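Peer 1: Here is my input, please return the structure:
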Amino acid sequence: MHRIVLARRPQGAPTPESFRLETLPLPQPGEGEVLVRVTSLSLDPYMRGRMDDAKSYAPKVELGEVMTGGGVGTVVESRAEGFAPGDVVFGMTGWADHAVLRGKELRKLREGLPASTALGVLGMPGFTGWYGLTIPGAAKAGETVVVAAATGPVGSMVGQIAKAKGLRAVGIAGGREKCAMGRDVFGFDAMIDHKAHTDARSLREELAAACPDGVDIYFENVGGMVLEAVLPLMNTHGRIPLCGTIAWYGGADTSGPDRLPKLWRQILVNRLSITGFIIFDHWQHFPDFMAEVAPMVEEGRLAYVEDVAEGLEAMPQTFISMLKGGNLGKQIVRLAPDPFG
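Peer 2: All right, here's what the predicted structure looks like:
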């Protein structure tokens, strides 16, 4: 088997030297375990935080340990009840082409859509967007929601569920191509290119024009200049579901935090509710998410886009590029053909 491990902890943005490709004997499953041949792997921003030697909501990746991450694949050998060779499953396989996991750590996938959808639109990212908007966001028809990284798997879910519930959806993304995708593929009412702005004030002016009734919900997954631009536009009793701050991962953007304390009073004056959430705490809602969203995906009423890189060796550079916004849609790395086609 082959795997990619953390070779050194990055100072700031990861580099290719942060990772190492290793070759090991094929592992064998023990009692209650399953050997999976991985066909596709997910790349997600949270992985950057796991590379740091700091206390967080989840354990760090140790030096020499396989990089954490979700994958889908086919059961090769099973010593766990309920799983048989040929079953297609999702699990936290790590950056590897084979993995041994306990049966209770796997979710069996049903045929009908590509297995890779369990990494994006019908996986953790899609669930994050649905949960944040519908529960802490408490979305109501007639309101306005703003979401950054709007064409990614989280933001695109927020926008489409918002539209389905009768909200005005305004997206922010980087570049003309992504903004066109937000409008034409995901159905946002308006898209704003943050790369066309050099400061929060300029971005805020365009946002204000796109949100004539103010902002009721800001789905926060970026931080930085976008957060600074949105806060003064929030309506009284607005809600901010907070699931990420990618602009500040690894010290990538330090300008926003220096000025944000000056905007703190906006939270008081407008009686805003800010709810930080980690989606791993809320898996009890996953069946509700699947019941609502899976039929929408199967019937073509909810769109998704996958940006697919090829081969395990592509993981490090693809991850580095994704953190800089280089992906167009949900970032996946394909190791073998999708078992569902």
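Peer 1: can you give me the end-to-end distance of stretch 312-327?
Peer 2: 17 Å (C-alpha to C-alpha, to the nearest Å).
Peer 1: actually stretch 101-116, sorry about that
Peer 2: Taking C-alpha to C-alpha, stretch 101-116 runs 19 Å from one end to the other.
Peer 1: do you know how far Arg334 is from Asp53?
Peer 2: 31 Å (C-beta to C-beta, to the nearest Å). Yep, even glycine has a C-beta here, placed from its N, CA and C like the rest.
Peer 1: Quick one: mean pLDDT for stretch 53-73?
Peer 2: The average pLDDT for stretch 53-73 rounds to 92.
Peer 1: And it, what's buried?
Peer 2: Of all the residues in stretch 53-73, those buried under the rule 16 or more other C-beta atoms under 10 Å are 60-61, 66-73.
Peer 1: Which member of these is positioned nearest Pro16?
Peer 2: Checking these against Pro16 by C-beta to C-beta gives Met67 as the nearest, at 13.1 Å.
Peer 1: Please tell me I have it right and the closest one contacts Ile4.
Peer 2: Yes. With contact defined as C-beta atoms under 8 Å, Met67 reaches Ile4; the gap is 5.5 Å.
Peer 1: any common contacting residues for these two?
Peer 2: Common contacts of Met67 and Ile4 (C-beta atoms under 8 Å, 6 or more residues apart in numbering): 19, 95, 315.
Peer 1: Adding secondary structure and distance to Glu292, write these out as JSON lines.
Peer 2: Output for these, formatted as JSON lines (DSSP: H, G, I helix; E, B strand; the rest coil; distance: C-beta to C-beta, whole Å):
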{"residue": "Phe19", "secondary structure": "strand", "distance to Glu292": "37"}
{"residue": "Trp95", "secondary structure": "coil", "distance to Glu292": "31"}
{"residue": "Met315", "secondary structure": "helix", "distance to Glu292": "32"}
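Peer 1: By neighbour count, which of those residues wins?
Peer 2: Neighbour count (other C-beta atoms under 10 Å) singles out Trp95 as the most crowded of the shared contacts of Met67 and Ile4, with 28 neighbours.
Peer 1: so what's that residue up against?
Peer 2: For Trp95, the contact set (C-beta under 8 Å, 6+ apart) comprises 3-5, 41, 66-69, 312, 315.
Peer 1: Kindly recompute the last result at 7 Å.
Peer 2: Contacts for Trp95 were tallied using C-beta atoms under 7 Å, 6 or more residues apart in numbering; they are 3-4, 41, 66-67, 69, 315.
Peer 1: what about the chain, any weak spots by pLDDT?
Peer 2: The chain contains residues with pLDDT under 70 at 246-262.
Peer 1: The same query, at a cut-off of 50, please.
Peer 2: Applying pLDDT under 50 to the chain picks out residues 254-255.
Peer 1: Spell out for me which residue occupies the centre of it.
Peer 2: Nearest to the geometric centre of the chain sits Pro125, at 4.0 Å (C-alpha atoms, centre = their mean).
Peer 1: can you confirm that one is in a helix?
Peer 2: Yes. Counting by DSSP: H, G, I helix; E, B strand; the rest coil, Pro125 is found in a helix.
Peer 1: which of the shared contacts of Met67 and Ile4 lies closest to Ala291?
Peer 2: Nearest to Ala291, judged by C-beta to C-beta, of these is Trp95 at 31.4 Å.
Peer 1: how close does that closest one sit to Gln331?
Peer 2: 13 Å.
Peer 1: Same question for Leu63.
Peer 2: Computed with C-beta to C-beta, the distance linking Leu63 and Gln331 is 24 Å.
Peer 1: can you check Gly311 too?
Peer 2: 14 Å.
Peer 1: Grab the nearest non-local neighbour of Arg201.
Peer 2: Counting by C-beta to C-beta, 6 or more residues apart in numbering, Arg201 lies nearest to Ala229, which is 7.6 Å off, once chain neighbours are set aside.
Peer 1: domains of the chain?
Peer 2: 2-120+304-334, 127-280 (automatic domain parsing).
Peer 1: which stretches of the protein form helices?
Peer 2: Along the chain, the segments classed as helices by DSSP state H run 46-50, 124-134, 153-164, 176-184, 200-210, 224-230, 255-259, 264-269, 286-298, 315-323.
Peer 1: among those helices, which is nearest Thr236?
Peer 2: Nearest of these to Thr236, taken as C-beta to C-beta: helix 264-269 at 8.4 Å.
Peer 1: in that closest one, what's buried?
Peer 2: Across helix 264-269, burial judged by 16+ other C-beta under 10 Å covers Gln266.
Peer 1: do stretch 283-302 as well
Peer 2: 286, 289, 293-294, 297, 302.
Peer 1: Check whether the residue nearest to Arg201 really touches Ala200, as I assumed.
Peer 2: Yes. The criterion here is C-beta atoms under 7 Å, and Ala229 meets it with Ala200 at 4.3 Å.
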